[in-house]
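1. Structure, please.
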Amino acid sequence: MKKLMSISVAAIIALTMSMPTVSFAEEETVVDTVYEIEGTEDILSADEMIEETDNGDSINNNLDTADTEETESISVSDEITENDASSDNADESIDTASNENNTMEYETIADSDVLPEQAEDLYANTEIIDGNVKYSIDKEDNNAYVTGYIDSPTDVTIKSTVDGYSVVQINNNAFSDCISLKSLYVPASVKTIGTYAFKNCKALNSLKLNEGLQKLGRGAFEDCISLVSVNIPSTLTEAGSYDWGATDGVFMGCTSLKTVDLKGYVVGTAMFRDCTSLESINIPSTVTYVGKSAFQDCEFLKKAVINSSGTIDENAFNGCIRMVSAELGGSKVTEIGAGG
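-> So this is what the prediction gives:
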């Protein structure tokens with residue numbers, strides 16, 4: 001290192017003030033430059049060397065502190081950047097999940113071929129016409145129902161299934177006043193024939209009911225004046241209404257009815273009332289109830305064989321003015337109502 005001369009404090013201060021401003025990274029070079037400018041061969045005193053060394057250490061410490069602060073600042077900046085990136089990634093994940101959910105929902109709708117505005121019609125009934133018969137398919141309970149007819153049907157066979165759906169019921173008034181109807185076949189799939197379903201079908205003369213039928217509604221075949229014979233399935237558990245009074249019996253007013261093949265469990269209220277051509281009746285042991293006015297005013301009824309167990313309600317045979325024989329047989333009748 002070159003020899004430096006001793007300089008006064010005032011000269012150093014003046015020289016320092018006239019120096020250009022530099023960064024910490026250039027501090028050591030500045031000090032060397034100061035020494036070179038003086039160009040002296042004298043050596044600094046010991047105290048001045050110590051002071052110079054302390055100043056150098058201070059500068060280095062300041063540089064280290066600045067580097068540390070800058071490093072910490074960079075670390076904080078990097079952490080913020082990473083957090084922002086994580087936030088962006090989270091937002092992208094949420095957007096992606098949302099898009100996937102929307103896609104799944106759309107695909108589900110597309111698979112069912114039902115648009116959102118059509119969802120309320122998903123279980124709407126569908127009408128099908130087969131021959132002269134109108135059916136309604138209920139997609140909620142997966143059954144079909146007979147609702148009516150078109151044109152002027154004469155011979156009707158109710159289907160047991162329509163479009164893959166079981167036909168379980170003939171609705172109220174489905175064929176009422178159908179004066180062209182002459183024959184009717186009801187399959188075993190039908191459990192219920194509704195109120196007035198075939199009322200006033202005045203030309204109906206042939207009727208087949210099958211095992212499986214459970215309910216005949218009030219007045220279902222009322223005033224079918226051409227009907228000659230009828231069979232009542234053993235599965236029948238309800239006929240007409242018990243609380244409707246002595247009117248609107250299932251076959252009430254079927255004035256041509258002569259033969260009844262009676263099975264089942266009940267003879268409903270007014271069920272055969274005013275069947276003026278009926279001459280005999282056999283009530284089997286399966287029957288547990290003979291309703292009010294069940295055979296009332298059957299003027300030509302001459303013989304009744306009763307093997308029933310249970311109740312014969314009031315006026316069951318009232319007005320049967322030609323009755324000459326009523327056999328209880330093996331009957332376990334527990335009650336016979338007034339006028340029975």
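2. pLDDT weak spots in the stretch 1-150 of the chain?
-> 1-124 (pLDDT under 70).
3. Same check on the stretch 151-300 of the chain?
-> In the stretch 151-300 of the chain (pLDDT under 70), the answer is 242-245.
4. Can you show me the strands along it?
-> Remark: strands assigned in the stretch 151-300 of the chain by DSSP state E, counting those that start in this stretch are 155-157, 161-162, 165-170, 183-186, 192-193, 206-209, 215-216, 229-232, 238-239, 259-262, 266-267, 280-283, 289-290.
5. From those, pick the one with the highest average neighbour count.
-> strand 266-267 (a mean of 26; mean count of other C-beta atoms under 10 Å). For every residue, glycine as well, the C-beta is placed using N, CA and C.
6. what's in contact with that strand?
-> With C-beta atoms under 8 Å, 6 or more residues apart in numbering as the test, strand 266-267 has contacts from 236-239, 283, 287-291, 294.
7. and which of the residues you listed is nearest to Phe198?
-> Of all the contacts of strand 266-267, the one with the least separation from Phe198 (C-beta to C-beta) is Ala239, at 14.3 Å.
8. list the contacts for that closest one?
-> Neighbour list for Ala239: 215-216, 250, 264, 266-268, 271, 291 [criterion: C-beta under 8 Å, 6+ apart].
9. can you count the residues close to the closest residue to it other than its chain neighbours?
-> Using C-beta to C-beta, 6 or more residues apart in numbering and skipping residues adjacent in sequence, the residue nearest Ala239 is Gly268, 3.1 Å away. If you count neighbours by other C-beta atoms under 10 Å, Gly268 ends up with 29.
10. I'd guessed Gly268 sits against Gly219; true?
-> No. Gly268 is beyond contact range of Gly219, at 10.6 Å (criterion: C-beta atoms under 8 Å).
11. give me the number of residues near Ile158?
-> 21.
12. bridging residues for Val186?
-> Counting by DSSP bridges, Val186 is bridged to Leu209.
13. residues contacting Ser280?
-> Shown in contact with Ser280 (C-beta under 8 Å, 6+ apart): 301-305.
14. Could you identify which of those has the most neighbours?
-> That'd be Leu301 among the contacts of Ser280, by other C-beta under 10 Å, with 25 neighbours.
15. Surely it touches Phe317?
-> Yes. Here Leu301 reaches Phe317: they are 7.5 Å apart, a contact under C-beta under 8 Å.
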